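**Student:** Got a predicted structure here, sequence first:
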Amino acid sequence: MTDSDDLMSIRQMCAAYDVTPRTLRFYESKELLFPIREGQKRLFTKRDRARLKLILRGKRFGFSLEEIRQLLELYNIGDQQQTQIQRTYEIAQDRLADMERQRAELDEAITELKEQLDWGAKIIASMKQTKKAAE
């Protein structure tokens, strides 16, 4: 396989990762991706694809783009990614705690809304009974 076989066009990247060209250009502008530029053409390397996978996963987990950028930069410090993994782990722990707190709040709101709907159903049924009795 030659180096050119490892390259993907923006169209191929969009198809492979279900993103838009605008998204890829945005990530490039934020210095998250570094495609090879040939005039107007962008060619993405294996490294870009690996970074995009990490970006998309980070976004899914609620990491900010700045957090993702900083974590990606830690890859190059030369300690077999020990610092990168440690920092990712710390941020992920914080994010998980936030998500669990949000889930608890959502569960509480769902329970309360169900109670209100039950109350509303009883009121509606009572109103229908009163109307039938009056007829």
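**Tutor:** Here it is on my side, so go on.

**Student:** use CA for all of it now, contacts and neighbours both
**Tutor:** Will do.

**Student:** Assign a three-state SS to Glu31, would you?
**Tutor:** Under DSSP: H, G, I helix; E, B strand; the rest coil, the three-state class of Glu31 is coil.

**Student:** Not counting its neighbours along the chain, what's nearest it?
**Tutor:** Leaving aside its sequence neighbours, Glu31 sits nearest to Arg69 (CA to CA, 6 or more residues apart in numbering; 7.5 Å).

**Student:** The one you found and Thr23, how far apart?
**Tutor:** According to CA to CA, to the nearest Å, Arg69 stands 15 Å off from Thr23.

**Student:** okay, Asp5: pLDDT?
**Tutor:** Looking at Asp5, its pLDDT is 66.

**Student:** ditto for Glu135
**Tutor:** pLDDT recorded at Glu135 is 77.

**Student:** what about the strands in the protein?
**Tutor:** Secondary structure of the chain by DSSP state E: the strands cover 8-9, 36-38, 41-44.

**Student:** Out of Arg69 and Thr23, name the residue with the larger neighbour count.
**Tutor:** Ranked by neighbour count (other CA atoms under 10 Å), Arg69 and Thr23 place Arg69 first, with 18 against 11.

**Student:** Surely the more buried one and Leu33 touch.
**Tutor:** No. Applying CA atoms under 8 Å, one finds Arg69 not in contact with Leu33, separated by 9.5 Å.

**Student:** Give the other helices and strands that the lengthiest helix in the chain contacts.
**Tutor:** The longest helix of the chain (DSSP state H) is helix 82-134. Helix 82-134 makes packing contacts with helix 65-73 when contacts are defined by 3 or more CA pairs under 8 Å, 6 or more residues apart in numbering; DSSP states H and E.
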